[in-house]
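Trainee: what's the 3D shape of this:
(one chain, ligands or ions: 1)
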Amino acid sequence: MELCSITGLKGKVRIPGDKSISHRCVMFGSIASGTTVADNFLNGADCLATIRCFRTLGIDIEEEGNTVTIHGKGLHGLNAPTDILDVGNSGTTTRLLSGILAGQPFDSKLSGDESLNSRPMKRIMTPLTQMGANISSILRNGCAPLYITPGKLHGIHYDSPVASAQVKSCILLAGLYAEGETSVTEPSLSRNHTELMLREFGADIRTTHDLNSTKATASIRPGKELYGQKITVPGDISSAAYFIAAGLIVPDSEILIENVGINPTRAGILRVCEDMGGDITLLNQRTEGGEKIADILVRTSRLHGTTIEGDIIPTLIDEIPVIAVMAAVAEGQTVIRDAAELKVKETDRIETVTDNLKAMGCKAEPTSDGMIITGGKLKGASIHTLLDHRIAMAFSIAALVAEGNTKILDSHCVDVSYPTFYDTFEELL
Ligand code: S3P
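Mentor: A predicted model of the protein is given here:
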């Protein structure tokens with residue numbers, strides 16, 4: 001994809017459904033009794049990988065446009081897979097599905113693409129093993145392919161070293177199949193869609209917050225049947241983030257982004273944009289299925305640098321590439337710290353972000369847990385996405401304010417979370 005600078009992005013856009021929630025609709029719907037219907041489902045490659053896996057586990061799933069219907073077979077209704085479960089590029093599929101598979105009376109194997117098979121899985125293998133699961137890394141390198149065989153699970157309390165919704169959700173899902181209560185404490189609250197949705201499905205799940213620290217705990221008790229739900233998936237704030245950034249940095253722009261999920265565990269980017277001087281207004285705020293939703297109005301603003309650190313990090317972890325792009329054109333310096341998790345995403349995003357910013361002429365310095373960016377002018381460059389969807393989209397926004405042309409290599413990787421990304425753009429020109 002070749003892009004150049006523009007001005008005056010105007011109009012309104014609707015963002016595809018939330019990736020995290022779409023995954024969970026399929027997973028929870030499959031192990032619930034009755035039918036789950038998910039409207040505004042994200043047809044991105046990651047969520048399609050989840051559908052593919054649950055079909056391989058014997059679940060009947062119909063897809064019609066953006067509506068997905070899952071014919072759940074109850075907590076104990078999955079069949080032994082006839083094939084290796086292909087999780088593609090999706091960490092969420094791998095980690096959450098492993099939690100469910102740990103409690104099944106059959107063997108299974110999961111494997112993904114090169115990036116997925118190099119991401120750390122010890123973070124789920126450790127707590128699952130403590131629960132009595134039999135899960136191993138086939139190549140003994142702590143990564144997928146994973147092999148899971150039946151184990152008798154018992155509840156544990158797990159003090160997670162990382163604020164990760166994937167780790168938390170994996171443990172809670174295994175907890176559905178364990179004897180006794182299972183609880184997870186994380187250093188600060190990561191996205192809580194699993195807790196909100198499992199409760200809607202009928203699970204016995206509770207959450208508490210430590211009043212003296214940022215720690216958060218979720219606990220689940222087994223024994224309750226889950227029931228199919230009708231869900232309208234809110235627009236994905238992680239996808240909206242690209243248009244929020246575009247609206248703020250492209251001169252003479254005004255964009256209304258409709259129907260975006262603004263769950264506080266996901267909406268850190270809104271706070272950061274405000275801190276940077278961004279003109280953002282939330283309109284038509286409402287709550288649907290336990291999730292907060294709003295329309296977001298964004299206008300071109302003069303941004304300045306900021307510091308992003310501490311417990312806000314898990315609430316904007318996927319948005320850091322595009323936040324870094326905003327920082328690269330803001331006045332002054334932006335410091336991002338406490339974000340070492342960036343290193344274990346689809347690529348090492350500390351490296352991919354700073355390398356590509358440097359290629360565009362920006363002063364960007366990687367650190368052990370983040371980056372330091374000095375704002376200025378960008379120039380066009382060839383962007384090495386390394387097949388990371390969020391790098392492709394973040395640097396497509398950078399291209400809109402760079403002098404000269406920018407080439408996004410392997411831009412098709414946007415399919416992972418936002419197949420219609422470039423079409424949405426056309427609507428604003
Ligand atoms: C996700 C959790 C996050 C996020 C990922 C989706 C989820 O990962 O980066 O894109 O759906 O639970 P971690 O929980 O590992 O930080």
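Trainee: residues in the stretch 151-300 of the chain within reach of the ligand, list them.
Mentor: Where the stretch 151-300 of the chain comes near the ligand, counting by C-beta under 6 Å from any ligand atom, the residues are 164-166, 169, 190-191. Quick note: C-beta positions are derived from backbone N, CA and C, even for glycine.
Trainee: Throw those into CSV and include neighbour count, thanks.
Mentor: CSV is the format used below for those (neighbours: other C-beta atoms under 10 Å):
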residue, neighbour count
Ser164, 23
Ala165, 23
Gln166, 24
Ser169, 30
Ser190, 27
Arg191, 25
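Trainee: so how far is stretch 174-191 off the chain centroid?
Mentor: Taking the mean of its C-alpha atoms, stretch 174-191 sits 19 Å from the chain's own mean (C-alpha atoms, centre = their mean, to the nearest Å).
Trainee: Strands of the stretch 101-250 of the chain, residue ranges please.
Mentor: 108-112, 134-137, 146-149, 157-159, 182-186, 204-209, 216-221, 230-232 (DSSP state E, counting those that start in this stretch).
Trainee: could the ones you listed go into TSV alongside mean neighbour count and mean pLDDT?
Mentor: Formatted as TSV, the strands of the stretch 101-250 of the chain follow (neighbours: other C-beta atoms under 10 Å; pLDDT from 0 to 100):
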stretch	mean neighbour count	mean pLDDT
strand 108-112	22	98
strand 134-137	17	98
strand 146-149	21	98
strand 157-159	16	98
strand 182-186	22	98
strand 204-209	15	96
strand 216-221	21	98
strand 230-232	18	97
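Trainee: Compare these and give me the one nearest Pro16.
Mentor: Across those, Pro16 has its closest neighbour in strand 230-232 (12.8 Å, C-beta to C-beta).
Trainee: packing partners for the closest one?
Mentor: Applying 3 or more C-beta pairs under 8 Å, 6 or more residues apart in numbering; DSSP states H and E, we find strand 230-232 packed against strand 33-39.
Trainee: Contacts made by the strand it packs on with the rest, please.
Mentor: 17, 22, 25-26, 28-29, 66-74, 77, 225-233 (C-beta atoms under 8 Å, 6 or more residues apart in numbering).
Trainee: Helices - which of those residues land there?
Mentor: In this view, those that belong to helices under DSSP state H are 22, 25-26, 28-29.
Trainee: and the contacts of strand 33-39, which are buried?
Mentor: Among the contacts of strand 33-39, those classed as buried by 16 or more other C-beta atoms under 10 Å are 17, 22, 25-26, 28-29, 68-73, 226-229, 231-233.
Trainee: check contacts around the closest residue to the ligand within the stretch 1-150 of the chain.
Mentor: Here the stretch 1-150 of the chain gets closest to the ligand at one residue, Ser20, 3.3 Å apart by C-beta to the nearest ligand atom. Residues near Ser20 by C-beta under 8 Å, 6+ apart: 92, 165, 191, 193, 236.
Trainee: ditto for Ala399
Mentor: Ala399 makes contact with 3-5, 380, 383, 405-406, 408 under the criterion C-beta under 8 Å, 6+ apart.
Trainee: helix, strand or coil for Lys407?
Mentor: Three-state call for Lys407 (DSSP: H, G, I helix; E, B strand; the rest coil): strand.
Trainee: and the gap between the nearest residue to it once chain neighbours are set aside and the ligand?
Mentor: Leaving aside its chain neighbours, Lys407 sits nearest to Ser382 (4.7 Å; criterion: C-beta to C-beta, 6 or more residues apart in numbering). Counting by C-beta to the nearest ligand atom, to the nearest Å, the separation of Ser382 from the ligand is 26 Å.
Trainee: and Ser382, how many neighbours?
Mentor: Other residues near Ser382 come to 13 when the count uses other C-beta atoms under 10 Å.
Trainee: cool, and Asn79?
Mentor: 12.
Trainee: Surely it forms part of a strand?
Mentor: No. With three-state DSSP as the criterion, Asn79 is coil rather than part of a strand.
Trainee: What distance do you get for it to Val87?
Mentor: Distance of Asn79 to Val87, computed by C-beta to C-beta, to the nearest Å: 18 Å.
Trainee: on that earlier part again, quick one: which of the ones in helices among the contacts of strand 33-39 is nearest to Thr352?
Mentor: Closest to Thr352, out of all of the ones in helices among the contacts of strand 33-39 and judged by C-beta to C-beta, is Ser22, at 24.7 Å.
Trainee: pretty sure that closest one is touching Phe41, no?
Mentor: Yes. If you go by C-beta atoms under 8 Å, Ser22 and Phe41 touch, sitting 5.1 Å apart.
Trainee: who touches both of these two?
Mentor: 47, 68, 233.
Trainee: Next up, the contacts around the first one.
Mentor: For Cys47, the contacting residues are 19, 22-23, 26, 41, 90, by C-beta under 8 Å, 6+ apart.
Trainee: Going by the annotation, which residue ranges form each domain of this protein?
Mentor: Using automatic domain parsing, the domain ranges for the chain come out as 2-16+234-426, 19-232.
Trainee: Work out the gap between the first one and the centre of the chain.
Mentor: Which is domain 2-16+234-426. In terms of C-alpha atoms, centre = their mean, the centre of domain 2-16+234-426 is set 14 Å apart from its chain centre.
Trainee: Stretch 12-26 too?
Mentor: Chain-centre distance of stretch 12-26: 10 Å, with C-alpha atoms, centre = their mean.
Trainee: Hmm, Asn40 is touching Val68, no?
Mentor: No. If you go by C-beta under 8 Å, Asn40 and Val68 don't touch, sitting 9.8 Å apart.
Trainee: And for Leu153, the neighbour number?
Mentor: For Leu153, the count of nearby residues is 23 (other C-beta under 10 Å).
Trainee: residues in contact with Lys168?
Mentor: Lys168 makes contact with 160, 184, 186, 190, 194, 218, according to C-beta under 8 Å, 6+ apart.
Trainee: and the gap between it and Glu181?
Mentor: Lys168 is 15 Å from Glu181, where distance means C-beta to C-beta.
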